[in-house]
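no sequence on this one, just coordinates:
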């Protein structure tokens with residue numbers, strides 16, 4: 001029996017270069033007459049593009065600007081939600097990276113306002129998904145919030161971000177190679193809902209990224225744009241599925257466990273990419289292809305590059321299944337001991 005789920009998709013997606021004018025026009029035409037938009041950003045994105053947007057929009061529309069400089073508590077998020085309602089905002093606009101967009105999604109959910117995503121980095125698929133990252137007691141996990149009604153990705157701005165962030169996005173995309181297999185496993189062994197179209201769309205995002213490894217490795221404009229469009233497609237796959245299932249599996253659980261266990265963890269996508277080499281091996285698929293693609297792109301492809309030793313990685317693999325016991329993955333099925341994890345790590349050369 002197919003489980004009921006809600007499918008949400010963005011209404012407008014714009015990808016191009018020098019889109020400040022497009023952004024200003026779209027924000028200025030949300031509704032006739034003067035009204036308010038609630039814009040969240042952080043210092044670097046503000047200097048890159050948000051300041052110009054604020055300046056040009058403010059003549060036609062009131063802008064309530066919120067600068068995000070750190071992790072917000074639940075109380076602070078709720079306060080922002082009330083503030084957005086109080087100023088009668090017509091839309092919540094996030095201009096920035098993952099943290100800013102996560103906050104914007106939460107504020108949109110709390111206020112009941114539409115969310116417009118204007119990413120300035122391409123570090124993970126949160127730029128176009130309904131999922132937001134939540135932290136409780138130092139533990140990170142994802143939950144469904146709201147899907148962007150509009151996504152406007154200015155390649156001129158995104159291309160100025162440190163290359164490491166784009167490569168992190170590559171790691172998050174490669175992770176779909178493993179995640180869709182975990183979803184299928186949950187369907188076969190636990191009767192979980194499985195959406196074939198959403199799974200194939202997510203899988204295509206990973207395959208296109210790996211096939212574009214040389215373009216990405218050369219840091220070409222075409223390569224970066226491929227990453228951005230693949231991240232948007234992955235976000236849409238989650239909207240179709242009604243959850244993060246097609247894009248987040250055992251590799252993400254390992255990545256979250258590592259974040260929980262480290263004081264200064266590598267970027268989310270960096271952890272996911274390396275973990276995918278390991279989980280692809282567990283699924284009995286071509287882990288060498290994953291590892292080689294990451295290496296060709298210039299993304300981390302080993303634990304050494306992440307400054308993680310095999311002991312810590314084995315601890316993370318042991319901990320990972322407990323982070324989401326309801327999300328059945330290859331880790332839940334195999335229940336690997338620490339010794340076996342270390343043997344596999346050595347066998348696939350993940351340490352070096």
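Received the coordinates, thanks. These numbers come from a predicted model, not from an experiment.

any stretches of this structure with poor pLDDT?
1-4, 31-34, 134-142 (pLDDT under 70).

tally of neighbours for residue 107?
Per other Cβ atoms under 10 Å, the neighbour tally for residue 107 reads 29. No exception for glycine: its C-beta is placed from N, CA and C like everyone else's.

likewise the one 4 residues further on?
The burial metric for residue 111, expressed as a neighbour count using other Cβ under 10 Å, is 22.

how close does it sit to residue 87?
10 Å (Cβ to Cβ, to the nearest Å).

now do the shared contacts for the two.
Counting by Cβ atoms under 8 Å, 6 or more residues apart in numbering, the common neighbours of residue 111 and residue 87 are residue 38.

select the longest helix from the protein.
helix 221-241 (DSSP state H).

buried residues, the host helix or strand of residue 291. List them.
When elements are assigned from DSSP states H and E, residue 291 belongs to helix 287-297. For helix 287-297, a neighbour-count test (16 or more other Cβ atoms under 10 Å) marks 287, 289-291, 293-294, 296-297 as buried.

tilt between that helix and helix 221-241?
Orientation of helix 287-297 against helix 221-241 (axes from the mean of the first three to the mean of the last three Cα atoms, to 10 degrees) gives an angle of 130 degrees.

packing partners for helix 287-297?
helix 163-174, helix 196-211, helix 213-217, helix 268-282 (3 or more Cβ pairs under 8 Å, 6 or more residues apart in numbering; DSSP states H and E).

just want the angle from the last one to helix 163-174.
Okay, so that is helix 268-282. Going by the same axes, to 10 degrees, helix 268-282 makes 30 degrees with helix 163-174.

list the buried residues of helix 268-282.
268-282.

that one vs helix 196-211, what angle?
Using the same axes, to 10 degrees: helix 268-282 against helix 196-211 is 100 degrees.

cool, and the first one?
Compare the direction of helix 163-174 with that of helix 196-211 by the same axes, to 10 degrees and you get 140 degrees.

how far does the helix or strand that helix 163-174 is followed by sit from the chain's center?
Using DSSP H and E, the helix or strand that follows helix 163-174 towards the C-terminus is helix 176-190. Taking the mean of its C-alpha atoms, helix 176-190 sits 19 Å from the chain's own mean (Cα atoms, centre = their mean, to the nearest Å).

my read is residue 66 is in a helix, agree?
No - counting by DSSP: H, G, I helix; E, B strand; the rest coil, residue 66 is not found in a helix; it is strand.

counting neighbours, what do you get for the closest residue to it other than its chain neighbours?
Distances taken as Cβ to Cβ, 6 or more residues apart in numbering place residue 40 nearest to residue 66, at 4.7 Å, with adjacent residues excluded. By other Cβ under 10 Å, 28 other residues sit near residue 40.

for residue 40, give me phi and psi.
phi -110, psi 140 (degrees, to the nearest 10).

what bridges to it?
residue 66, residue 94 (DSSP bridges).

residue contacts, it?
Residue 40 sits next to 66, 68, 80, 92-96, 100, 103-104, 107 when contact means Cβ under 8 Å, 6+ apart.

go again using 7 Å as the cut-off
Each residue near residue 40 by Cβ atoms under 7 Å, 6 or more residues apart in numbering is listed here: 66, 68, 94, 100, 103-104, 107.

just the terminal-to-terminal distance for stretch 209-218.
13 Å (Cα to Cα, to the nearest Å).

pretty sure residue 279 is touching residue 248, no?
No - assessed by Cβ atoms under 7 Å, residue 279 is found out of contact with residue 248, at 11.6 Å.

spit out the residues that contact these two alike.
Common neighbours of residue 279 and residue 248 (Cβ under 7 Å, 6+ apart) do not exist.

how about residue 122: what's its closest non-neighbour residue?
Closest to residue 122 by Cβ to Cβ, 6+ apart is residue 169, at 4.3 Å.
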